[in-house]
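Q: Predicted coordinates and the sequence they were generated for:
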Amino acid sequence: MKGRLVAAPGAFLIAIAAALWGTDALLRRPLARSTEAATIVFGEHLVLVAIMLPLVPAAFAAVLRAGPRYVAAAAAIGIGASAIATILFTQAFVKGDPVTPVVLQKIQPLVAVVGAWFILGERPRRNYGWFLLGGLVGTWLIAFPSPFDVRVDTALPALMAIGAAVLWAMGTVLGRLLATRMRFQHITTLRFTFGLPASAVAVLLVGAPFTTSGSDFAWIAALAIVTGLVALSLYYIGLRRTPAVIAALAELTFPVTAAAVGYFAFDATLDGTQWIGVAVTTVVVLLLPITAPRVLAVRRDVVPATS
């Protein structure tokens, strides 16, 4: 497919999905204090696969028709972006504050740009760099109250968040690849289905229990439906018509929402530079629907393989 891909409606849906992910801490942080991260993620996948079970045969049939490359992409999304990344992200809440782990993983636009270049052949136009720079500067300012004085005690949750960022960024790129050939509900189903055995293995490796209390499981189910099923459905609908490099910027609603949740729900404080970061990141996201057709159009010089 040659020419230009523009993505204002798709970017809007992705931004809504990412905003839902930004509310994740409302449930995940309290749960992480009473239930191990691997147990939470396994429970989420168990609930989601149970809900999506009627779609599993059709989803596997669709990905097999698409070819081995797409099967590998679906497996990588389920194992890496859905299971491992979510465990790292959840564990970062145990080790860190409610804002920093969420925000630091937004380095993923950098990873997404590189991945989209090599895997999808997406070539962002020159002006895209200003949006990317603005988004990265904004999230950095939100993450660190003293942006030029990063302390060692934030290193462990930061590394976990960065690991999740890399995996989620590749999930964006590979999800875009699948979205060119498959329906959003099939991609969502495959993500959870491949993620379930991966999360089960993670539970065994870390020695965590497979079960938790009834009340915690109810909250895990709510988390799975809101930030899992609903958010990912919107995300993959939007991703079908949105280049990965633009999707990565639309996802910057995540840190803005997360910062608001941390401030209002967990009494996290934001200083002057952090508020500037919120403002810069918000402007980047708000400009996407306006400027995407003219400034952020992406030229596709390389066509992904069809098998």
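A: Arrived safely, thanks for sending.
Q: how about low-confidence regions in the stretch 151-300 of the chain?
A: 151-155, 268-270, 288-300 (pLDDT under 70).
Q: any idea how far Phe254 is from the residue most central in space within the chain?
A: Nearest to the centroid of the C-alpha atoms of the chain, with distances taken as C-alpha atoms, centre = their mean, sits Trp168, at 4.9 Å. The spacing between Trp168 and Phe254, counted by C-beta to C-beta, to the nearest Å, is 10 Å. The way it works is simple: take the backbone N, C-alpha and C, and place the C-beta from them, glycine included.
Q: Ok, Pro30 next?
A: From Pro30 to Phe254 the distance is 19 Å (C-beta to C-beta).
Q: where exactly do the helices run in the stretch 1-150 of the chain?
A: Counting by DSSP state H, counting those that start in this stretch, the stretch 1-150 of the chain forms helices over residues 8-22, 25-34, 37-52, 56-66, 68-76, 85-95, 100-104, 108-115, 128-143, given from the N-terminal end onward.
Q: so of those, which one's packed in deepest?
A: Mean neighbour count, computed with mean count of other C-beta atoms under 10 Å, is highest for helix 100-104 among the helices of the stretch 1-150 of the chain, reaching a mean of 28.
Q: Quick one: mean pLDDT over that one.
A: The predicted model gives helix 100-104 an average pLDDT of 60.
Q: Can you name every helix or strand that the longest helix along the chain contacts?
A: With residue count as the measure and DSSP state H as the assignment, the chain has helix 155-179 as its longest helix. Counting contacts by 3 or more C-beta pairs under 8 Å, 6 or more residues apart in numbering; DSSP states H and E, the secondary-structure elements packed against helix 155-179 are helix 68-76, helix 85-95, helix 100-104, helix 108-115, helix 184-206, helix 231-239, helix 244-250.
Q: Distance from the chain centre to that helix, please.
A: Offset of helix 155-179 from its chain centre (C-alpha atoms, centre = their mean, to the nearest Å): 7 Å.
Q: Any buried residues in it, and which?
A: Applying a neighbour-count criterion of 16 or more other C-beta atoms under 10 Å, the buried positions in helix 155-179 are 157-158, 160-179.
Q: Tell me which of the helices and strands packed on helix 155-179 sits nearest to Ala224.
A: Checking the helices and strands packed on helix 155-179 against Ala224 by C-beta to C-beta gives helix 184-206 as the closest, at 8.8 Å.
Q: Helix 85-95 and the closest one, what's the angle between them?
A: 50 degrees (axes from the mean of the first three to the mean of the last three C-alpha atoms, to 10 degrees).
Q: Buried residues in helix 184-206, which are they?
A: Neighbour-count burial for helix 184-206, counted by 16+ other C-beta under 10 Å, picks out 184-196, 198-200, 202-203.
Q: what does stretch 114-126 give?
A: Of the residues in stretch 114-126, those buried under the neighbour-count criterion (16+ other C-beta under 10 Å) are Gly115, Ala116, Trp117, Ile119, Leu120, Glu122, Pro124.
Q: gap between the two ends of it?
A: Across its full length, stretch 114-126 reaches 15 Å end to end, with C-alpha to C-alpha, to the nearest Å as the criterion.
Q: average model confidence for that stretch?
A: If you average the pLDDT over stretch 114-126, you get 78.
Q: Work out the gap between that stretch and the centre of the chain.
A: Relative to where its chain is centred, stretch 114-126 has its mean C-alpha point 18 Å off (C-alpha atoms, centre = their mean).
Q: heads up, I number from 40, so please use that
A: Let's use 40 as the start, then, which means that last one is stretch 153-165.
Q: Excluding chain neighbours, give the residue nearest to Asp313 in space.
A: Check again: residue 313 is Gln, not Asp. Leaving aside its chain neighbours, Gln313 sits nearest to Ile181 (5.2 Å; criterion: C-beta to C-beta, 6 or more residues apart in numbering).
Q: OK, contacts around the closest residue to Pro163 other than its chain neighbours?
A: The shortest distance from Pro163 to any non-neighbouring residue, by C-beta to C-beta, 6+ apart, is to Val284 (4.8 Å). The neighbourhood of Val284, defined by C-beta atoms under 8 Å, 6 or more residues apart in numbering, consists of Pro148, Ala151, Val152, Ala155, Glu161, Pro163, Tyr167, Val337.
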